[in-house]
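Asker: Give the three-dimensional model of this entry:
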Amino acid sequence: MVDNYDRLEFQSYEKLNVTPYQIYKSKREHKLAVFILSRGIASFLSNNNFPGLEKVSNKLGQISERFMTEKEKRFMLLLK
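Answerer: You can find the predicted model right below:
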């Protein structure tokens, strides 16, 4: 289902370059990746007949911003 989609919601997650298998990454980086990935999933579903998930997506975006360092915030702004 995602293969046929433009994947804009998941670009932030991919740019973080944090996968579950990278055990040398910090706990904070993994938490941030989970929140950003969750936000992408909620955003994707809200655009596909699940409008209630838009609020969830926005809240996950706010939470992920709290976990970001200033460098990561600047990097994410470049993606938009």
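Asker: from here on, contacts and neighbour counts on C-alpha atoms
Answerer: Fine.
Asker: In terms of pLDDT, where does the spatially most central residue of the chain sit?
Answerer: Residue closest to the mean C-alpha point of the chain, counted by C-alpha atoms, centre = their mean, is Ile36 at 1.9 Å. Ile36 is assigned 88 on the pLDDT scale.
Asker: so it is in which element?
Answerer: For Ile36, the enclosing helix or strand under DSSP states H and E is helix 27-46.
Asker: Packing partners of that helix?
Answerer: Packed against helix 27-46 by the contact rule (3 or more C-alpha pairs under 8 Å, 6 or more residues apart in numbering; DSSP states H and E) you find helix 11-16, helix 53-67.
Asker: now do 6 Å
Answerer: Contact partners of helix 27-46 among helices and strands, from 3 or more C-alpha pairs under 6 Å, 6 or more residues apart in numbering; DSSP states H and E: helix 53-67.
Asker: which residues sit against stretch 62-77?
Answerer: Stretch 62-77 has contacts (C-alpha atoms under 6 Å, 6 or more residues apart in numbering) with Leu32, Phe35.
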